[in-house]
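J.: the following comprises the amino acid sequence and a computationally predicted model.
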Amino acid sequence: MTKTKRLIDSKFIKLIQLLNKEEIKSFQKFLKSPYFNKKEHLAKLFDLLSNAHPKFDSPRFNKTTILKKMFSDTAPTFENKLAKQMTELVQLFDEFLKHQIVKEDQTVSHSLLAKALAQKANFELFASKAKAYQDILNEHPVRDSKFYLAQFSVSRDLYLQSLQTSFDGEKNYLLQSKKHLDRFYYLTKLVLICGLFARNKLLKDQSDLSSMNETIQHVKNHYADDSPVFSIYIQLIELYQYEIDDELYESIVDCFRNHIDLFSVEQQSNILYQLTNYAAGRIKANQKQFHLTLIKLYQLGLKKNIFLNGAYLPEQTFLNIAVCFSIAKRFDLVEQMIDYELEKLPPDSQDSAKILILAFSEFHKGNFSKALILVKSCTANSLPYLLRIRLLTIRCLYELRLTNHSYEDTLISYIRSYESFFKRANTFKSEIAEDYLNFSEALRAILFRNPLWPLDKTKATLNQKITTYDSIVARSWLFDKVSLLK
C-alpha cells in the first residue's frame with residue numbers, strides 16, 4: 001500500500017466488499033479464534049475496517065483515521081506496517097474461504113473425514129459415519145449432479161472398505177455405486193446439452209448437437225420418471241428444438257415452480273435464466289400475455305434469492321426486473337424493488353439504479369417530462385445503464401413531441417447521436433447493436449412516413465416493417481405508436 005493509494009482501492013477492501021453482513025460476522029469470529037489467528041491486532045484492524053462495510057464511503061473511513069486508531073501515529077513507518085497487516089488479512093481471508101467451503105459442503109467434509117479415518121484404519125467408525133452421511137443426503141431435497149456424485153462417493157468408499165473384511169466385498173455397495181454414477185453422468189450431460197442449446201439460441205453458436213440424441217433418448221428411456229429434475233431438463237431441450245411451444249413452456253414453468261426445492265441454487269438460477277429468456281423473447285414478439293408469467297418468475301427468483309451472484313444482485317438483472325414491472329404497470333412491485341432489493345446491488349451502483357428505475361416508472365405512468373429529467377440525471381456509464389438511458393431518452397422525446405412539436409429538432413438530433421453510438425466499432429456485440437439500430441430505423445419510418453398515403457395503408461406498412469425484424473427492442477411500444485397515428 002503506497003502513500004497515494006486509498007484504502008478503498010486496496011485488495012483486501014475489494015475482497016470484503018463481496019461479503020454480505022452474515023459473512024462479515026463469520027469472518028470476525030474466524031479472526032477472533034486463536035485456532036485460526038493468533039494475532040489479536042488483525043482482528044482489531046478488521047473490526048475498524050468492517051465498520052464502513054459495505055460502501056466504505058464514510059468520511060471517517062480513511063488511512064489517517066485507521067493509522068491513528070491502530071498505532072496512534074501516521075508516520076511512513078506505521079503506514080508500511082498497516083500495509084503488511086492488510087496483506088496478512090488477505091491471507092487469512094483465503095483460509096477463511098477454504099474453511100467455509102469445508103463447513104458448508106458436506107461432500108467435501110465427508111471426503112476429508114473418510115480419508116482421515118481410512119488412514120487410521122478405523123473401518124468400523126468409517127462405515128458408521130458414511131451411513132450417517134447417506135441418511136443426511138437422502139433427507140435433503142436437492143437432487144442435482146452433486147447429490148448423485150456424493151452418493152456414488154459414499155457407496156464406493158463403503159464398498160472399498162468392505163473389501164478389508166471380506167474377499168468379495170459388499171455387492172450392494174457396488175451396485176449402488178454404479179446406479180449413482182450413472183445418474184451423475186447423465187444428469188451432468190443433460191445440463192451441458194441444455195447449455196449448448198441455450199448458446200445456439202442466444203449467441204448463434206453453431207455447435208453440432210446431433211451426437212447428443214443418444215444421451216437424450218437414454219435418459220428418456222431410463223430416468224425421465226426417476227425425478228422431475230431429469231424431466232425438466234429433457235423438456236427444456238425439447239423446447240429449444242421446437243423453438244416456440246408455449247404449451248410446453250407453461251408445463252415446464254409449472255413443474256419448476258412445484259419442484260424448485262429439488263434443484264440446487266446453481267440449477268435454479270440456470271433454469272430460471274432460460275425460462276425468463278423465453279418469456280422475454282415472446283414479449284418481444286408482441287405476445288403481451290407473457291408479462292404475467294415473467295413477473296411471477298421474477299418474483300420467485302427474488303423471494304428465493306436465486307438471482308444473487310455471490311453477495312450481490314447483478315445490475316443487469318435488477319434493471320431487467322424493475323423495467324418489466326414498470327411495463328406491466330406494477331408500480332407497487334417497483335417500489336418493493338427499491339425498498340428491499342436495491343441494497344443488494346453493489347454499493348457504487350445503487351444511486352444510479354434507483355434513478356433509472358424511477359425514470360422508467362414515471363415513463364410508464366405517462367409522466368414523460370419527469371422521466372426525461374430523471375434519465376438525464378443518471379450518470380452511470382456501464383453498458384446495462386447506457387443502453388437503457390439512450391433508449392428511454394429517445395422514447396421520452398418522441399412522446400413529448402406528440403403534444404409539443406418544439407421537441408422535434410431535439411428528437412431528430414438525438415436519433416442521430418443514438419445511431420452513431422450503436423455504430424461504433426467494437427463497442428457492442430453485433431446482435432445487441434442490431435436490436436437497437438432496428439428500433440431507430442423503425443422509429444424513423446414512423447416519423448418520416450408518407451403524408452399522402454391513406455392512414456390504413458400507412459399503419460399496415462409500418463406494422464409489417466416492425467414485424468419483419470427478427471429482433472428489435474421496444475417492439476410493443478412501436479406497435480402502440482403506429483396504432484395511435486392520426
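T.: Nice, thanks for sending it over.

J.: scan the protein for its longest helix.
T.: Among the elements of the chain assigned as helix by DSSP state H, the one spanning the most residues is helix 171-202.

J.: any idea of the mean pLDDT in that helix?
T.: Per-residue pLDDT over helix 171-202 has a mean of 90.

J.: just checking, what packs against that helix?
T.: Counting contacts by 3 or more C-beta pairs under 8 Å, 6 or more residues apart in numbering; DSSP states H and E, helix 171-202 packs against helix 145-162, helix 213-222, helix 228-242, helix 265-284. In short, each C-beta sits where N, CA and C put it, glycine included.

J.: tell me which of those helices lies nearest to Arg6.
T.: The stretch from these with the least distance to Arg6 (C-beta to C-beta) is helix 265-284; that distance is 34.0 Å.

J.: contact partners for the residue lying closest to Arg390 once chain neighbours are set aside?
T.: Counting by C-beta to C-beta, 6 or more residues apart in numbering, Arg390 lies nearest to Tyr418, which is 5.5 Å off, once chain neighbours are set aside. With contact set as C-beta atoms under 8 Å, 6 or more residues apart in numbering, Tyr418 has these partners: 390, 394, 436, 440.

J.: just give the number of residues close to Gly396.
T.: One thing to correct before we go on: residue 396 is Cys, not Gly. Residue crowding around Cys396 was assessed by other C-beta atoms under 10 Å; the count is 26.

J.: same thing with Phe30?
T.: Using other C-beta under 10 Å, Phe30 is surrounded by 19 other residues.

J.: what packs against the helix or strand containing it?
T.: Taking DSSP states H and E as the definition, Phe30 sits inside helix 21-32. For helix 21-32, the contact count by 3+ C-beta pairs under 8 Å, 6+ apart identifies helix 40-50, helix 76-104 as packing neighbours.

J.: any chance of the helices and strands packed on helix 171-202 in TSV, plus distance to Lys344, mean neighbour count and mean pLDDT?
T.: Shown next, in TSV, are these (distance: least, C-beta to C-beta, whole Å; neighbours: other C-beta atoms under 10 Å; pLDDT from 0 to 100):
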stretch	distance to Lys344	mean neighbour count	mean pLDDT
helix 145-162	26	21	87
helix 213-222	36	14	88
helix 228-242	27	20	93
helix 265-284	14	19	91
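
J.: now render those as TSV, adding distance to Leu45.
T.: Compiled in TSV, these are given as follows (distance: least, C-beta to C-beta, whole Å):
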stretch	distance to Leu45
helix 145-162	37
helix 213-222	53
helix 228-242	46
helix 265-284	33
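
J.: Asn258 is nearest to which of these?
T.: Distances from Asn258 to each of the helices and strands packed on helix 171-202 were compared by C-beta to C-beta, and the smallest falls on helix 228-242, at 7.8 Å.

J.: sorry, back to before: quick one: closest of the helices and strands packed on helix 171-202 to Lys296.
T.: Shortest distance between Lys296 and those, using C-beta to C-beta, is found for helix 265-284: 9.4 Å.

J.: and the next helix or strand past the closest one?
T.: helix 290-303.

J.: rounded mean pLDDT for that following helix, please.
T.: The predicted model assigns helix 290-303 a mean pLDDT of 95.

J.: now do stretch 432-452
T.: So the average pLDDT for stretch 432-452 ends up being 93.

J.: for that stretch, buried residues please.
T.: Neighbour counts over stretch 432-452 (16 or more other C-beta atoms under 10 Å) mark 433-440, 442-443, 445-446, 449 as buried.

J.: now do it: everything it contacts.
T.: Under the contact criterion C-beta under 8 Å, 6+ apart, stretch 432-452 has outside partners 387, 390-391, 394, 398, 411-412, 415, 418-419, 422-423, 427, 458, 462, 465-466, 469, 471-474, 478, 481-482, 485.

J.: any idea whether Ser352 is helix, strand or coil?
T.: Judged by DSSP: H, G, I helix; E, B strand; the rest coil, the three-state class of Ser352 is helix.

J.: ok, the nearest residue to it once chain neighbours are set aside - contacts?
T.: In space, Ser352 comes closest to Ala380 once its chain neighbours are excluded; the distance is 3.6 Å by C-beta to C-beta, 6+ apart. Residues counted as contacts of Ala380 (C-beta under 8 Å, 6+ apart) are 349, 352-353, 356, 386, 389.

J.: correct me, but Asn37 touches Leu89?
T.: No - under the contact definition of C-beta atoms under 8 Å, Asn37 does not touch Leu89, with a separation of 9.5 Å.

J.: and the two? Which one has more around it.
T.: With other C-beta under 10 Å as the criterion, Asn37 and Leu89 differ in neighbour count, and Leu89 comes out ahead with 26 against 18.

J.: list the contacts for the more buried one?
T.: Shown here is Leu89, whose contacts under the criterion C-beta under 8 Å, 6+ apart are 12, 42, 45-46.

J.: ok, now Tyr398?
T.: Taking C-beta under 8 Å, 6+ apart as the criterion, Tyr398 is in contact with 411, 443, 481.

J.: so where does the second one fall, helix or strand?
T.: Same thing as Leu443. Under DSSP H and E, the secondary-structure element containing Leu443 is helix 430-447.

J.: what's the answer for the first one, then?
T.: Assigned by DSSP H and E, Leu411 belongs to helix 408-423.

J.: that helix vs helix 430-447, what angle?
T.: Put simply, helix 408-423 runs at 160 degrees to helix 430-447, going by axes from the mean of the first three to the mean of the last three C-alpha atoms, to 10 degrees.

J.: and helix 408-423, what's buried?
T.: For helix 408-423, burial by neighbour count (16+ other C-beta under 10 Å) applies to 411, 414-415, 418-419, 421-422.

J.: give me the pLDDT for the residue nearest to Arg390.
T.: pLDDT recorded at Tyr418 is 92.

J.: circling back: and the buried residues of stretch 432-452, which is closest to Asn258?
T.: Taking C-beta to C-beta as the measure, Asn258 sits nearest to Asp435 out of those, at 34.1 Å.

J.: against Pro228, how distant is that closest one?
T.: Applying C-beta to C-beta, to the nearest Å, one obtains 35 Å for the distance of Asp435 from Pro228.

J.: what's the residue positioned nearest the centre of the chain in contact with, if anything?
T.: The central residue of the chain, meaning the one whose C-alpha is nearest the mean C-alpha position (C-alpha atoms, centre = their mean), is Phe307 at 4.5 Å. Residues near Phe307 by C-beta under 8 Å, 6+ apart: 269, 272, 301, 313-314, 317, 321.

J.: helix, strand, or coil at it?
T.: The local conformation at Phe307, judged by three-state DSSP, is coil.

J.: which of the helices or strands spans Phe325?
T.: helix 315-327.

J.: after that helix, next one along is what?
T.: The C-terminal neighbour of helix 315-327 among helices and strands, as given by DSSP H and E, is helix 331-336.

J.: just how off-centre is that following helix within its chain?
T.: The gap between where helix 331-336 is centred and where its chain is centred comes out at 20 Å by C-alpha atoms, centre = their mean, to the nearest Å.

J.: show me what that helix is packed up against.
T.: Helix 331-336 is packed against helix 315-327, helix 350-365, with contacts defined by 3+ C-beta pairs under 8 Å, 6+ apart.

J.: list the buried residues of that helix.
T.: Taking 16+ other C-beta under 10 Å as the basis for neighbour counts, the residues of helix 331-336 that come out buried are 333-334, 336.

J.: closest one of these to Asp135?
T.: Closest approach between these and Asp135, by C-beta to C-beta: Gln336, at 40.0 Å.

J.: related to what we said a few turns ago, look up how far Ile472 lies from the residue nearest to Arg390.
T.: Separation of Tyr418 from Ile472 (C-beta to C-beta) stands at 14 Å.
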